[in-house]
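Novice: Turn this into a structure:
(one chain, ligands or ions: 2)
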Amino acid sequence: MERNNLYPIFLKAKNLNFLIIGGGFVAEEKLTFLLKSSPHAKVTMVSPMFREGTIALAKKGCVTLVKDSYQKKYLQGRHIVIATTDIQEINIQVWKDCRAEAKLVNVADNPPYCDFYMGGIVTKGNVKIAISTNGKSPTTAKRLRQFFEDVIPDNIDDLVKNLNEYRKTIKGNFEEKVEKLNEFTKSLVEK
Ligand SMILES: C[C@@]1(CC(=O)O)C2=NC(=C\c3[nH]c(c(CCC(=O)O)c3CC(=O)O)Cc3[nH]c(c(CC(=O)O)c3CCC(=O)O)/C=C3\N/C(=C\2)[C@@H](CCC(=O)O)[C@]3(C)CC(=O)O)/[C@H]1CCC(=O)O
Ligand SMILES: NC(=O)c1ccc[n+]([C@@H]2O[C@H](COP(=O)([O-])OP(=O)(O)OC[C@H]3O[C@@H](n4cnc5c(N)ncnc54)[C@H](O)[C@@H]3O)[C@@H](O)[C@H]2O)c1
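Specialist: Numbers count the residues shown, from 1 in each chain. Ligands and ions are numbered 1, 2, ... in the order given. Sure thing, here's the model as predicted:
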């Protein structure tokens, strides 16, 4: 069976500078899902044109809109770059420029030009689940996201908060704490 070898990490998007190039449908989709998961993500968008929906979203978040065509200078100070223009040569140029500067880059909907993929994301309080199909079926990622949003109870966060409190009260060394926490939560996975 083929296997997904991607390594997921949970970024502190508030501390990072994202750059989205393009202001059309795909740009708006990527911005929507980025802000849904990380409302305080710091984002700059560069495009000669922005959709109304993008302008409205930008007002709600930490998003700066720059009305211009892509130029290499816009990469300066950015950690993560997402290229979404409708001109593939521009998107490939962005990819090359990012590669030269060792920046993480995603050419939206173009897997060979992605250092990382955006995933389906479920957030319930402190709990977050990210879903990837290895770039094989974004539709499946979306359906799985909807499924988990539905089946994971909202009060899962209470469990996390309670265990965080319990954790603070346990005395003993690291090994003893781990043992107690594992004993306490065993029933969660017992069949
Ligand atoms: C998860 C999600 C996150 C997000 O966008 O933030 C996401 N795509 C979503 C939806 C979606 N995108 C597309 C459709 C139409 C149906 C279809 O074509 O399947 C739908 C479904 C719909 O809209 O209903 C079009 C599409 N997307 C890609 C290709 C190219 C290809 O597959 O080769 C094409 C065809 C373009 C063409 O036809 O030319 C590629 C990528 N899309 C990814 C992520 C990465 C892989 C993630 C993974 O590993 O699973 C990857 C590889 C790169 C990237 O962009 O990061 C978001 C759901 C969010 C949610 O609902 O929670
Ligand atoms: N919309 C979809 O569902 C979809 C699905 C699959 C693939 N795609 C592909 O993704 C790409 C983008 O699609 P879209 O629907 O967002 O297109 P779009 O026409 O809505 O948006 C393209 C955006 O790129 C901007 N742009 C053009 N040249 C630029 C430059 N030099 N610098 C910065 N920005 C520039 C435009 O101003 C516009 O805002 C296309 O190649 C399309 O074929 C789109």
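Novice: and the protein, what are its domains?
Specialist: 13-118, 156-188 (automatic domain parsing).
Novice: mind giving me a markdown table with those and columns for mean neighbour count?
Specialist: (Glycine included, C-beta is placed from N, CA and C.) What follows is these, written out as a markdown table (neighbours: other C-beta atoms under 10 Å):
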| stretch | mean neighbour count |
| --- | --- |
| domain 13-118 | 17 |
| domain 156-188 | 11 |
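Novice: Out of the ones you listed, the one nearest N4 is which?
Specialist: Relative to N4, the nearest member of these by C-beta to C-beta is domain 13-118, separated by 10.1 Å.
Novice: Where among the domains of the chain is average confidence lowest?
Specialist: Ranked by mean pLDDT, the domains of the chain bottom out at domain 156-188, which scores a mean of 89.
Novice: Show the end-to-end separation of that one, please.
Specialist: With C-alpha to C-alpha, to the nearest Å as the measure, domain 156-188 spans 12 Å from end to end.
Novice: so how far is that domain off the chain centroid?
Specialist: Offset of domain 156-188 from its chain centre (C-alpha atoms, centre = their mean, to the nearest Å): 28 Å.
Novice: Which stretches in this structure count as strands?
Specialist: Ranges of strands in the chain, per DSSP state E, are 17-21, 42-47, 62-67, 80-83, 104-107, 120-124, 127-131.
Novice: would you turn those into CSV with distance to G53?
Specialist: As requested, the strands of the chain are exported to CSV (distance: least, C-beta to C-beta, whole Å):
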stretch, distance to G53
strand 17-21, 14
strand 42-47, 12
strand 62-67, 12
strand 80-83, 17
strand 104-107, 20
strand 120-124, 20
strand 127-131, 24
